[in-house]
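>>> I would like the atomic coordinates for the input below:
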Amino acid sequence: MNFTTRLVLLAVVACSMAAAKSPPSSSSKNKAASTYSKASFVPPAAPTITKAGWPSAANHPSRIQQQIATGYGTELFGRKKNNAAASSSTKTAAVPPVTKNGKIQIKMLASVPQIGQAGDIVFVSSAVFQNQLQRQKKARLISAEEVALIEAEKQQQEAEATQKAIDTKMMMEEAMLESIGEECSTDQDICGVALTMARKAGPEGNLFGGINPKMIMDELANTFPDGSWEGKQVKLTDMKDSDGKDVKKKDIKHTGEYTCVVKLGNDVDVTFILSVVAE
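Numbers count the residues shown, from 1 in each chain. Predicted coordinates for the structure are as follows:
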């Protein structure tokens, strides 16, 4: 490098240093002022002082600063609690649990295998209730007052069902008394036909198609529409032919008279005569 080149390099460096030390122009200052705004200082929240004179753990200055920085725990960023869930938890917590042999009494809201059906009142361990049933909203706590109220309603419903069953039995017995004829002998346990079913049959009385218990129950409901025929307890329990042979497990295949027993309710049964005739 010759002497002339060195002089040129020194001149360039000197010019660069002078430009760096020169103060900014007024236009640059005005541009910067219009771009940036003055920052405001937010004072930290005052800590809560406990009786011992120290701030509580929940409101410690370091914790407050962290919450301000992250936005956690403030009303602006805090998660709003579901009102329905809150009211449900409050209602559940307000119910005094009924305990028995270390278990709590609950009401099933949904059917769960090996525990109970929907509507059942059962006893389970608190662990099963809290970890499984309550979280899945399949059961809830029930108080002794609610149990007493449910039992009273159940007894009232059973009494009404029993009365309806008795009325149905009297209705069928009156129909049998009206149909008694001269052919009814005194040595028979029951006389009078309460139900008659006509079916197509051959010359010897063989039916073209049988009659099963469901058909008999449907015909009873049609013949006695004011009777009580609903409920799982209402069913045909016995059916015998004129020779005393049990035919309940098989369809009726021949014309004739059959002695039937229907369970109408708790401790309420009615025995009647079914007459199957040819059309």
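>>> Spatially nearest residue to Gly205, not counting backbone neighbours?
Thr255 (4.0 Å; C-beta to C-beta, 6 or more residues apart in numbering). C-beta coordinates here come from the backbone N, C-alpha and C atoms, glycine included.
>>> Compute the distance between the one you found and Glu204, please.
9 Å (C-beta to C-beta, to the nearest Å).
>>> Give me the more crowded residue out of the two.
Comparing Thr255 with Glu204 by other C-beta atoms under 10 Å, the one with more neighbours is Thr255, at 18 against 7.
>>> Next one, pLDDT for that one please.
Note on Thr255: pLDDT of 92.
>>> Quickly find the element holding the residue lying closest to Val268 once chain neighbours are set aside.
Residue nearest to Val268 in three dimensions, not counting chain neighbours: Ala165, with 4.0 Å by C-beta to C-beta, 6+ apart. Assigned by DSSP states H and E, Ala165 belongs to helix 144-178.
>>> and that helix, what does it pack onto?
Packed against helix 144-178 by the contact rule (3 or more C-beta pairs under 8 Å, 6 or more residues apart in numbering; DSSP states H and E) you find strand 193-199, strand 256-265, strand 268-278.
>>> how about 10 Å then?
Here helix 144-178 touches strand 103-108, strand 121-124, strand 193-199, helix 213-223, strand 256-265, strand 268-278, going by 3 or more C-beta pairs under 10 Å, 6 or more residues apart in numbering; DSSP states H and E.
>>> could you dump those to a markdown table with distance to Gln136 and mean neighbour count?
Compiled in a markdown table, those are given as follows (distance: least, C-beta to C-beta, whole Å; neighbours: other C-beta atoms under 10 Å):
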| stretch | distance to Gln136 | mean neighbour count |
| --- | --- | --- |
| strand 103-108 | 11 | 20 |
| strand 121-124 | 13 | 16 |
| strand 193-199 | 49 | 17 |
| helix 213-223 | 38 | 15 |
| strand 256-265 | 36 | 19 |
| strand 268-278 | 40 | 18 |
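>>> what's the closest of the ones you listed to Glu160?
strand 256-265 (10.1 Å; C-beta to C-beta).
>>> Parallel or antiparallel, list what pairs with the closest one.
strand 235-240 (antiparallel), strand 268-278 (antiparallel) (DSSP bridges).
>>> export the longest one as PDB, just CAs?
Spelled out, it's strand 268-278. What follows is strand 268-278 as a C-alpha-only set of coordinates in PDB (Å, rounded to 0.1, in the frame of the first residue of the first chain):
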ATOM      1  CA  VAL A 268    -104.400 -59.200  43.600                       C
ATOM      2  CA  ASP A 269    -105.200 -62.000  41.200                       C
ATOM      3  CA  VAL A 270    -108.300 -62.800  39.200                       C
ATOM      4  CA  THR A 271    -109.400 -66.200  37.900                       C
ATOM      5  CA  PHE A 272    -111.700 -66.300  34.900                       C
ATOM      6  CA  ILE A 273    -112.900 -68.500  32.100                       C
ATOM      7  CA  LEU A 274    -111.800 -67.900  28.500                       C
ATOM      8  CA  SER A 275    -114.100 -69.300  25.900                       C
ATOM      9  CA  VAL A 276    -112.500 -69.900  22.400                       C
ATOM     10  CA  VAL A 277    -115.200 -70.400  19.800                       C
ATOM     11  CA  ALA A 278    -115.100 -70.900  16.000                       C
END
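>>> Please point out which parts of stretch 125-136 sit buried.
By neighbour count on 16 or more other C-beta atoms under 10 Å, the buried set for stretch 125-136 is Val128, Phe129, Leu133, Gln134.
>>> end-to-end on it?
By C-alpha to C-alpha, to the nearest Å, the extent of stretch 125-136 from end to end equals 16 Å.
>>> 784 is where my numbering starts, stick with that
Okay, residue one is now 784; in that scheme the one you just asked about reads as stretch 908-919.
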